[in-house]
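Chemist: have a look; sequence and predicted model below, questions after that.
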Amino acid sequence: MNRHLSSLDFMQSFSTKLELALQNLSMAQYPPDARREMRKFSSSEVAALLDVSEAYIRQIVLKDKGPSPETTSNGRRMYTLEQILELRLMLAEKGRKKWMNPRRVEGEECQIIAVTNFKGGSSKTSTTIHLGHYLALKGYRVLAVDLDPQASLTSLHGALPDFDPREDETLYAAIRFSDPKPTKSLVHNTHIAGFDVICAGLDLTEFETAVALEMRKNGGTSFLLRVSQALEQVAGDYDVILMDSAPSLNFLTLSSLTAATGVVIPVPAHMLDVDSTGKFLELASSYMQILSEMGTAAQWDFAKFLVTKFEANDHPQANMTALMRQVFGEDLLLNMVAKSTAVADALTWKQSLYEVQRSRFSAPKTYDRAMESINAANAEIEKLLWAAWGRE
C-alpha cells in the first residue's frame, strides 16, 4: 500500500494551525492590554464566606468600620475579594471567631497536595482549580503548580503578564540539574487575591530525559527530591501548594508525590476509570516499594479518593460508587463532585465556577447544585488540612 501522507507534515501543519487558532481565540477573549478581574461578591456571599450574618456585615458598613463596598443602582452592596480579605483580617483581630483568619500559624507546615491520576479526563485540573479558588476565597494563601505539559491549568488563567512557556518559565527551570532558577522567579500573581500560579509548558517533558541522563551518570534517586527542594524555596509564603499532575506516572509525577504532604485522586464512577485507577495504584505501589527499599519513601498526612463527574440518577455509577466505598472505605471522600453543565460552561469560559456570576447562567439552579457539590467536597478537603495541622 502506498502512503502519500507524511506524518511529519501532518503533525507540523495542524500543530501550527491549531496553535494559531487558539491564540486568536485567546486574544479575542483576553487582549494583551486586558486585565482579568475577579468578580465582585454580594453581601450575602460575603456573609457566607466569613460565616457571619448579613446583618452583621451591614452593621460594619453603617459604622464605617470596614471597607466601603460598591453600591449598585438597585442598592446591592458588592465587595471585591480584597475587601473580603480586609474584613476577614479585621474580624480576626477582634477575635469574633477562632480561625477567622485561617492562615497557618507557627508550628504548622505548608500543606503540599498532589492532585493525581494517570487516567485522562478524571477532572484533575478542574479539581485543582476549584479547590485552589475555594481556599483563596476562604482566606488561605495558595500556590497552584501546573505540572502537566498540556498546561490546562495555566490556560485557565488567560494570558498572564510576562509569561512565555518557551522562555524558561515553567517549574522545569527550577528542577533541572544544570543551572536551576530560583522558584520564586517563576511565581505569577493571578487576578484572584491570594492565588498564585507556576505555569506549565512543553519543556516539562525535558525532565524525563534529564533524569535518565543523571541516573546514568551518577545513579541514585536524588531526582525524587527536585520538586520538594524547589517548593521548599517558596513554602514559607503559602499555606497550601496544589500540584496539578500530568496524566502519567513519570519521573516528574514521582518527584511530586515525594514532595507531597497529601494526595487527592479524582476518579469518575465509571468502570474504565476505576479500572485505570487500579492500574495506576498497582504501578505506583511498585515504584513506591522500590523507593522505600532505597530509603526515599514518601510520607503523607492523608491520601484520599474523590468521586468526580457523578450523576446520581445513573444506576451503574451508583453501583460503582458503592463498590469504591466498599474497597476504599474511609479513604474515599464522603462528598462527590456532580457532573454539571455549569462547570463545563465555566471552564469553556476559562474560569472556575467561583469566578462566574450566578446570573450568567440560563439555569441558575444548575449553578446552585454544582456549587453546593463542589463546596462540600472542598470543605471536606479543608478539614483534612486542619487535621494535618492539628487544629480542632
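Modeler: Perfect, thanks for sending it. Since this is a predicted model, take the numbers as computed values, not measurements. Numbers count the residues shown, from 1 in each chain.

Chemist: ok, residue 253 to residue 287 distance?
Modeler: Using Cβ to Cβ, to the nearest Å, we find residue 253 at a distance of 9 Å from residue 287. C-beta here means a position set from N, CA and C on the backbone, and glycine is covered the same way.

Chemist: when the two are compared, which one has more neighbours?
Modeler: In this comparison of residue 253 against residue 287, neighbours counted by other Cβ atoms under 10 Å, the higher total goes to residue 253 at 24 against 13.

Chemist: ok, the more buried one touching residue 247?
Modeler: No: proximity of residue 253 to residue 247 does not meet the contact threshold set by Cβ atoms under 8 Å, at 9.2 Å.

Chemist: and for the two, which residues touch both?
Modeler: Contact criterion Cβ atoms under 8 Å, 6 or more residues apart in numbering; residues bridging residue 253 and residue 247 by contacting each: residue 118.

Chemist: can you give me the pLDDT of residue 349?
Modeler: Residue 349 is assigned a pLDDT of 87 by the prediction.

Chemist: that one - how many residues pack around it?
Modeler: Around residue 349 sit 12 other residues, with neighbours defined as other Cβ under 10 Å.

Chemist: residues contacting the closest residue to it other than its chain neighbours?
Modeler: Taking Cβ to Cβ, 6 or more residues apart in numbering, and ignoring the residues beside it in sequence, residue 349 has residue 356 as its nearest neighbour in space, at 6.8 Å. Going by Cβ under 8 Å, 6+ apart, residue 356 touches 39, 345, 346, 349, 367.

Chemist: and residue 356, how close does it get to residue 310?
Modeler: With distances taken as Cβ to Cβ, residue 356 is found 21 Å from residue 310.

Chemist: what does residue 341 give?
Modeler: As judged by Cβ to Cβ, residue 341 and residue 310 stand 14 Å apart.

Chemist: please report phi then psi for residue 195.
Modeler: Backbone torsions for residue 195, taken as degrees, to the nearest 10, come to phi -130, psi 110.

Chemist: beta partners for it?
Modeler: Partner residues in beta bridges with residue 195: residue 142, with DSSP bridges as the criterion.

Chemist: neighbours around it, how many?
Modeler: Neighbouring residues of residue 195 were enumerated by other Cβ under 10 Å; the total is 24.

Chemist: A strand includes residue 188, no?
Modeler: Yes: assigned with DSSP: H, G, I helix; E, B strand; the rest coil, residue 188 falls within a strand.

Chemist: I'd guessed it sits against residue 195; true?
Modeler: No: at 10.3 Å, residue 188 and residue 195 do not qualify as touching, with contact defined as Cβ under 8 Å.

Chemist: list the contacts of whichever helix or strand residue 288 is part of.
Modeler: With secondary structure defined by DSSP states H and E, residue 288 is part of helix 271-293. The contact list for helix 271-293 (Cβ under 8 Å, 6+ apart) reads 117-119, 121-122, 221, 224, 249, 254, 257-258, 265, 267, 297-298, 305, 316, 320, 323-324.

Chemist: domain parsing for this protein?
Modeler: Per the TED database, the domain ranges recorded for the chain read 41-94, 111-389.

Chemist: between the ones you listed, which gets nearest to residue 21?
Modeler: With Cβ to Cβ as the criterion, residue 21 lies closest to domain 111-389 of the domains of the chain, at 13.7 Å.

Chemist: start to end distance for that closest one?
Modeler: Between the start and the finish of domain 111-389 there is a gap of 9 Å, counting by Cα to Cα, to the nearest Å.

Chemist: may I ask you to name the longest helix in this protein?
Modeler: helix 364-389 (DSSP state H).

Chemist: packing partners of that helix?
Modeler: If contacts are counted by 3 or more Cβ pairs under 8 Å, 6 or more residues apart in numbering; DSSP states H and E, helix 364-389 sits against strand 111-115, helix 124-137, strand 262-268, strand 302-308, helix 341-348.

Chemist: those: which one's closest to residue 363?
Modeler: Go through the helices and strands packed on helix 364-389 one by one with Cβ to Cβ and the one that ends up closest to residue 363 is helix 341-348, at 7.8 Å.

Chemist: hmm, who's touching that closest one?
Modeler: Counting by Cβ under 8 Å, 6+ apart, helix 341-348 makes contact with 126, 130, 156, 352-353, 355-356, 361, 363, 366-367, 369-371, 374, all of which sit outside it.

Chemist: if we go to 10 Å?
Modeler: 123, 125-126, 129-130, 152, 156, 308-309, 337, 340, 351-356, 358, 360-371, 373-374 (Cβ atoms under 10 Å, 6 or more residues apart in numbering).
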